[in-house]
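S.K.: my questions are about this predicted structure, shown below with the sequence.
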Amino acid sequence: MNPSPLSGRTALVTGSTSGLGAGIAVALARAGGHVVVTGRTRTRGQQVVDRIQSSGGSAAFVAVDFSAGAAAVRELASAATRAAGGRLDILVNNVATLIQPAPTADVTDDQITDAFGVSVITPFLLTGLLAPAMAQRGDGAIVNIGSIAGINGAAGSALYGATKASVHLLTKAWAAEYGPSGVRVNAVAPGPIATERNEEFAHGIAPILQRIPSHRMSTVDEVASVVTFLAGPGAGNVHGAIWSIDGGTTAV
């Protein structure tokens, strides 16, 4: 078995200065990839880069504020490609707006605009900017980060669920669009993940966990390992899949 399945490959992970995004960046680098870490805070981004490099991996940081709109996304595509040495083989669309559960009637216009702007329009634009070059080379992998909220309906999660359902549909549409040119597009749909933020709300998540087969949250490493697999050669004929990582939530 090849211990470095992503050796010689380059990857961009959006929103990767902390949490799941940082875990994915570390996992891709551990698999041999050169990873471009992105986010608003240079200090946190450099910490992720240092973490990767201290373990013998290769990474660079590109600062971006995804809430700044299309111009920022276009600049990121150019800057990340340069930081990757002129080509990107893997794109992980991870960045999303954190949305607290709320009744639909209480959601503001600004929250709707921000949620779809960051969580849907950003991956839409970034894929449109980067996938054609992959298709021209006949090789590439895109992994979108969805959610079980985009599969199962839940009171108070209409806005977040709508953004993630959009990501799931985009995954399938892009698989149809770019798959014939050798670009594989897939997604993961995690349930609750044991990030620092979710650990703070563990008391609220606990009742949910009692209703699922595993009775626990997924770890960052568990989700990152599936993303790494989908980005690598072992998933060479996987196209348009939505992989649930949820302890059985969507199965029972």
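M.R.: Looks like it arrived, so ask away.
S.K.: remind me, longest helix of the chain?
M.R.: Assignment by DSSP state H gives helix 158-178 as the longest helix of the chain.
S.K.: that one: what's the following helix or strand?
M.R.: strand 183-190 (DSSP states H and E).
S.K.: buried stuff in stretch 207-214?
M.R.: For stretch 207-214, burial by neighbour count (16 or more other C-beta atoms under 10 Å) applies to L209, I212. All C-beta atoms are positioned from the backbone trio N, CA, C, and that covers glycine.
S.K.: avg pLDDT for it?
M.R.: Average pLDDT, stretch 207-214: 87.
S.K.: same question, stretch 19-39
M.R.: Per-residue scores along stretch 19-39 average to 98.
S.K.: tell me the residue furthest from the middle of this structure?
M.R.: In terms of distance from the mean C-alpha position of the chain, A105 ranks first, at 28.8 Å (C-alpha atoms, centre = their mean).
S.K.: for it, helix, strand, or coil?
M.R.: helix (DSSP: H, G, I helix; E, B strand; the rest coil).
S.K.: hmm, back to that, same question for the longest helix of the chain: list its buried residues.
M.R.: Buried-residue list, helix 158-178, by 16+ other C-beta under 10 Å: 158-168, 170-172, 174-175, 178.
S.K.: and for it, what's in contact with it?
M.R.: 93, 96-97, 99, 101-102, 104, 107, 111-112, 115-116, 119-120, 123-124, 127, 131, 134-135, 140, 142, 144-147, 149-151, 153-154, 183-187, 189, 239-240, 242 (C-beta atoms under 8 Å, 6 or more residues apart in numbering).
S.K.: okay, angle between it and strand 183-190 too, please.
M.R.: Inter-element angle recorded for helix 158-178 and strand 183-190: 160 degrees (by axes from the mean of the first three to the mean of the last three C-alpha atoms, to 10 degrees).
S.K.: so how far is helix 158-178 off the chain centroid?
M.R.: Centre-to-centre, helix 158-178 and its host chain are 12 Å apart (C-alpha atoms, centre = their mean, to the nearest Å).
S.K.: ok so, going back, narrow the contacts of helix 158-178 to just the buried residues.
M.R.: Counted by 16+ other C-beta under 10 Å, the contacts of helix 158-178 give 93, 96-97, 99, 102, 115-116, 119-120, 123-124, 127, 131, 134-135, 140, 142, 144-147, 149-151, 183-187, 189, 239-240, 242 as buried.
S.K.: so which of those residues are in strands?
M.R.: The strands, defined by DSSP state E, take in N93, G140, I142, N144, I145, V183, R184, V185, N186, A187, A189, I242 from the buried ones among the contacts of helix 158-178.
S.K.: tell me the one of those residues nearest V26?
M.R.: I145 (15.3 Å; C-beta to C-beta).
S.K.: ok, that closest one touching V220?
M.R.: No: at 11.9 Å, I145 and V220 do not qualify as touching, with contact defined as C-beta atoms under 8 Å.
S.K.: shared neighbours of these two, anything?
M.R.: Shared contacts of I145 and V220, counting by C-beta under 8 Å, 6+ apart, come down to L20.
S.K.: where does this structure have low pLDDT?
M.R.: Within the chain, the stretches with pLDDT under 70 are 1-2, 199-202.
S.K.: centroid residue for it?
M.R.: N94 (2.4 Å).
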